[in-house]
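**Q** Pasting the sequence and the predicted coordinates here, then a few questions.
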Amino acid sequence: MYICICNAIRETDLRDMARRSGGCAESVYAALGKRPNCGQCLDDANELIAEERESIAPATIAA
């Protein structure tokens, strides 16, 4: 599923980069070589990024 239509950023791309980089959606977009255009996706993207990072937090602590 596409999270950002303007930049053709898929959910899988966003989740993968959320695991490898820090910051908010704008930072993750920058890590993907993109930047927000219309901004309508940012709330959803930030929620998805937070969700992904929460899901990996227990694994990080255990390691």
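**A** Received the coordinates, thanks.

**Q** How much space separates the nearest residue to residue 11 once chain neighbours are set aside from residue 12?
**A** Leaving aside its sequence neighbours, residue 11 sits nearest to residue 1 (Cβ to Cβ, 6 or more residues apart in numbering; 4.9 Å). Placement of C-beta: from N, CA and C, glycine included. Noted for residue 1: a distance of 9 Å to residue 12, by Cβ to Cβ, to the nearest Å.

**Q** Could you do residue 51 as well?
**A** Residue 51 is 13 Å from residue 12, by Cβ to Cβ.

**Q** where does the residue lying closest to residue 37 once chain neighbours are set aside land in three-state SS?
**A** Distance criterion Cβ to Cβ, 6+ apart; nearest residue to residue 37, sequence neighbours excluded, is residue 6 at 3.8 Å. Look at residue 6: counting by DSSP: H, G, I helix; E, B strand; the rest coil, its state is coil.

**Q** Now do residue 6 against residue 36, distance only.
**A** 7 Å.

**Q** Who has more neighbours out of those two?
**A** residue 36 (17 against 14; other Cβ atoms under 10 Å).

**Q** Tell me the predicted confidence for residue 14.
**A** The confidence metric pLDDT takes the value 96 at residue 14.

**Q** How many neighbouring residues does it have?
**A** 22.

**Q** Could you double-check that it sits in contact with residue 46?
**A** No - with contact defined as Cβ atoms under 8 Å, residue 14 does not count as touching residue 46 (10.1 Å).

**Q** residues making contact with the helix or strand of the chain with the lowest mean pLDDT?
**A** Least confident helix or strand, the chain: helix 42-62 with a mean of 84, by mean pLDDT, DSSP states H and E. With contacts defined as Cβ atoms under 8 Å, 6 or more residues apart in numbering, helix 42-62 is touched by 3-4, 9, 11, 14-15, 18-19, 24-26, 28-29, 36.
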